[in-house]
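K.L.:
I'll drop the sequence and a predicted model, then ask my questions.
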Amino acid sequence: MVAAVMVALAATVLLDAPPPATTRTERPPAAVPVAAGPAPVTGPGSATAPGSATTTRSATASVTTAGSPDGTPGAAAPGAPAAPVHFAGKAFDTCEAPSLAVMRAWRGSPYGAVGIYFGGRGRGCPVQKELTRAWVASVHAMGWRLLPLFVGSQAPCVDSLAKRPFAIGADPTSQGTREGGDAVRAASALGIGASSPLYLDIEAYRRGDTACAATTLSFVRAWNREVRRLGYLPGFYSSADTGVRDMEAQRRAGTKDLPDVMWFARWRGQPALLTESVLHPQAWTPHARIHQYAGNVTETYGGRTLAIDRNAMDAPVARVPVPARSAVRVPVPPPPVVPPRP
């Protein structure tokens, strides 16, 4: 238990340390031993779950990739899915994707990843005038890592009045399947490649409403199945005390089709990535947790101000494949004309 606490404290210190203001050289980090903890946990999001992330833990806030040292995803073996790209460090999310100028100015911030609300009928900022395929490629080229958030249908007993028009309907399984397909199409249109995580945003809902929780679970499981079937990783964002608590209960019960990555909101001002009380210490580890630890705060870097939520993470980020460069055709001169001999 002491060793596990030391690991948690070390992770918190690490996540509080800002990276250099200059563009970082990212490289696969060295693997460090994982301290002994409680008995092994099985099921979605656990270190022993089939298809879970690699079992090494980042020693520094960096990106691990299956590609080149600059974080560009590499080629997967023929017939094999591309390996997920992981990032450990600080991230922020904001309602509307900032301009490229703002993203460039914020490279001097402690943040290395940004949440983007790329789709879903329940988005608070549905217009997203900056969020294009070119924006995704440009921001990724700057060194940012992306967390794609999909805000679709919401729990029938959602707390937010603004989200109630988007309640899940009478057929949550069909609706979840349909919206999972919508999420993959929207991500692909932005240049977000296969094996990327897509995070389903389910806002806080009434705790203890078993019928509402069951409807929401059916929707989420169907969404997960479809996203996974189409080659992406289903992630899940929600309040620690409602959606996340319910997902953990389902994991303990052995329910299938749960999220691969857990993004939990608990605004206490400090990161607690590995010590969230509603999650088993080994659930959704390694490389499968994000903690949104503060919300609606204002920060300024490079003279540009944003209202953001703060996150600490060790989790997958979007794969943004670099477009193949067009081959340049070099004209071949014709052979010289040799005059006939007299």
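P.N.:
That came through fine.

K.L.:
Name the residues of stretch 263-283 that come out as buried.
P.N.:
263-266, 271-276, 278-283 (16 or more other C-beta atoms under 10 Å). Just so you know, the C-beta spots here come from the backbone N, C-alpha and C atoms, and that holds for glycine as well.

K.L.:
how about these, which pair is most distant?
P.N.:
Largest separation among the buried residues of stretch 263-283 by C-beta to C-beta: Ala265 and Gln282, giving 20.9 Å.

K.L.:
So which residues of this protein form strands?
P.N.:
31-32, 57-58, 63-64, 85-93, 113-119, 145-150, 197-201, 233-239, 261-265, 289-301, 304-317 (DSSP state E).

K.L.:
and Pro126, which of those strands is closest to it?
P.N.:
Closest among the strands of the chain, once you apply C-beta to C-beta, is strand 113-119, at 8.4 Å.

K.L.:
other SSEs contacting that closest one?
P.N.:
The contact analysis (3 or more C-beta pairs under 8 Å, 6 or more residues apart in numbering; DSSP states H and E) places strand 113-119 against strand 85-93, strand 145-150, helix 172-189, strand 304-317.

K.L.:
Dump these into TSV; add distance to Glu130 and mean neighbour count as well.
P.N.:
Converted to TSV, those look like this (distance: least, C-beta to C-beta, whole Å; neighbours: other C-beta atoms under 10 Å):
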stretch	distance to Glu130	mean neighbour count
strand 85-93	14	25
strand 145-150	13	25
helix 172-189	15	19
strand 304-317	12	23
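
K.L.:
do you know which of those lies nearest Val297?
P.N.:
strand 304-317 (6.2 Å).

K.L.:
Neighbouring strands of that closest one in the sheet, and parallel or not?
P.N.:
Its sheet considered, strand 304-317 pairs with strand 85-93 (antiparallel), strand 289-301 (antiparallel) by DSSP bridges.

K.L.:
quick one: which of the strands of the chain is nearest Ser138?
P.N.:
Judging the strands of the chain by C-beta to C-beta, what sits closest to Ser138 is strand 145-150, at 11.4 Å.

K.L.:
what angle sits between the closest one and strand 233-239?
P.N.:
70 degrees (axes from the mean of the first three to the mean of the last three C-alpha atoms, to 10 degrees).

K.L.:
between strand 145-150 and strand 197-201, what angle do the directions make?
P.N.:
Going by the same axes, to 10 degrees, strand 145-150 makes 40 degrees with strand 197-201.

K.L.:
Run the angle between strand 145-150 and strand 261-265 for me.
P.N.:
80 degrees.

K.L.:
Show me what strand 145-150 is packed against.
P.N.:
By 3+ C-beta pairs under 8 Å, 6+ apart, strand 145-150 packs against strand 85-93, strand 113-119, helix 133-142, helix 172-189, strand 197-201, strand 304-317.

K.L.:
now Gly295, nearest residue through space, not along the chain?
P.N.:
Spatial nearest neighbour of Gly295, chain neighbours left out: Asp309 (4.4 Å); criterion: C-beta to C-beta, 6 or more residues apart in numbering.

K.L.:
quick one: the one you found from Arg145, how far?
P.N.:
16 Å (C-beta to C-beta, to the nearest Å).

K.L.:
again with Arg225
P.N.:
Counting by C-beta to C-beta, the gap from Arg225 to Arg145 is 26 Å.

K.L.:
What of Phe166?
P.N.:
28 Å.

K.L.:
swap in Ser195?
P.N.:
Taking C-beta to C-beta, one finds Ser195 at 14 Å from Arg145.

K.L.:
Please identify the buried residues of the longest helix belonging to the chain?
P.N.:
In terms of residue count, the longest helix belonging to the chain (DSSP state H) is helix 210-229. For helix 210-229, a neighbour-count test (16+ other C-beta under 10 Å) marks 212-213, 215-228 as buried.

K.L.:
how many other residues sit next to the closest residue to Arg268 other than its chain neighbours?
P.N.:
Nearest non-adjacent residue to Arg268, counting by C-beta to C-beta, 6+ apart: Tyr293, 6.2 Å away. Counted with other C-beta atoms under 10 Å, residues neighbouring Tyr293 total 22.

K.L.:
How about the contacts made by Tyr293?
P.N.:
By C-beta atoms under 8 Å, 6 or more residues apart in numbering, Tyr293 lies in contact with Arg266, Trp267, Arg268, Gly269, Gln270, Pro271, Ala272, Arg310, Asn311, Ala312.

K.L.:
Serialize the residues you listed to a markdown table and add fields for distance to Ser188 and pLDDT.
P.N.:
A markdown table is the format used below for these (distance: C-beta to C-beta, whole Å; pLDDT from 0 to 100):
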| residue | distance to Ser188 | pLDDT |
| --- | --- | --- |
| Arg266 | 32 | 98 |
| Trp267 | 33 | 98 |
| Arg268 | 36 | 96 |
| Gly269 | 37 | 97 |
| Gln270 | 37 | 97 |
| Pro271 | 32 | 98 |
| Ala272 | 34 | 97 |
| Arg310 | 29 | 98 |
| Asn311 | 24 | 98 |
| Ala312 | 29 | 98 |
